[in-house]
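>>> following is a predicted model, sequence given first.
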Amino acid sequence: MKPPVVFILGGPGAGKGTQCTHIIEKYGYTHLSAGELLCDERKDPYSRYGELIEKYIKDGKIVPVEITISLLKREMDPTMAANAKKNKFLIDGFPRNQDNLQGWNKTMDGKADVSFILFFDCNNEICIERCLERGKSSGRSDDNRESLEKRIQTYLRSTKPIIDLYEEMGKV
């Protein structure tokens, strides 16, 4: 059986990770945060992608799809192999653009079923305020106003069209 996947999308600071915690508790999904996986990878001194990921994230740009999907698959495969009851996934912060979606479809076709997108719609200024507050303790290099404004523009230009596409399919 192909595992069901729910993509969790919204602007930076919209509450995706926070709400995923509640969904996991109530419905037993396995949560994979694309952002956290990328952050962990960029901090790994042995990662061949660390510096590249850091540059993309600091510039508010989207990390190449091959890297993100390889990190997602690296987490999904052993989870599915170890426990059939954990075979439903919330993938938070992915896909972020058309390239991500095409990469997912190419790599995961026949291996996972996207059930729907859970979209958190939040005012951009509120998102910035939340991230700036989070930045006081998160240690994230991208929780600053300059990076956040770039991230929001990237979200509006690249991620919102993915949400709109799934909305047309009745999957939001």
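Perfect, I can see it now. Numbering: from 1, shown residues only.

>>> so for the helix or strand containing S70, what gets flagged as buried?
Here S70 is covered by helix 65-82, with elements defined by DSSP states H and E. By neighbour count with 16 or more other Cβ atoms under 10 Å, helix 65-82 contains the buried residues V65, I67, T68, I69, L71, L72, E75, M76, M80. Glycine gets a C-beta too; all of them are placed from N, C-alpha and C.

>>> ok, the closest residue to the third one other than its chain neighbours - contacts?
Taking Cβ to Cβ, 6 or more residues apart in numbering as the measure, T68 lies nearest to A34, with 5.6 Å between them; neighbours along the chain are not counted. For A34, the residues meeting the contact criterion (Cβ atoms under 8 Å, 6 or more residues apart in numbering) are T68, L71, L72, I91, D92, G93, F94, R96.

>>> next: K150.
Contacts of K150 by Cβ under 8 Å, 6+ apart are D59, G60, K61.

>>> I163 is in contact with L9, isn't it?
Yes - in this structure I163 lies within contact range of L9 using Cβ atoms under 8 Å: 5.6 Å.

>>> looking at the contacts of K150, which has the most residues close by?
G60 (18 neighbours; other Cβ atoms under 10 Å).

>>> run a quick neighbour tally on G28.
10.

>>> correct me, but it touches N87?
No - applying Cβ under 8 Å as the test, G28 and N87 come out as separate, 10.3 Å apart.

>>> could you list the low-pLDDT ranges of this structure?
Applying pLDDT under 70 to the chain flags the ranges 84-85.

>>> ok, which stretches of it are strands?
4-10, 30-33, 89-92, 113-120 (DSSP state E).
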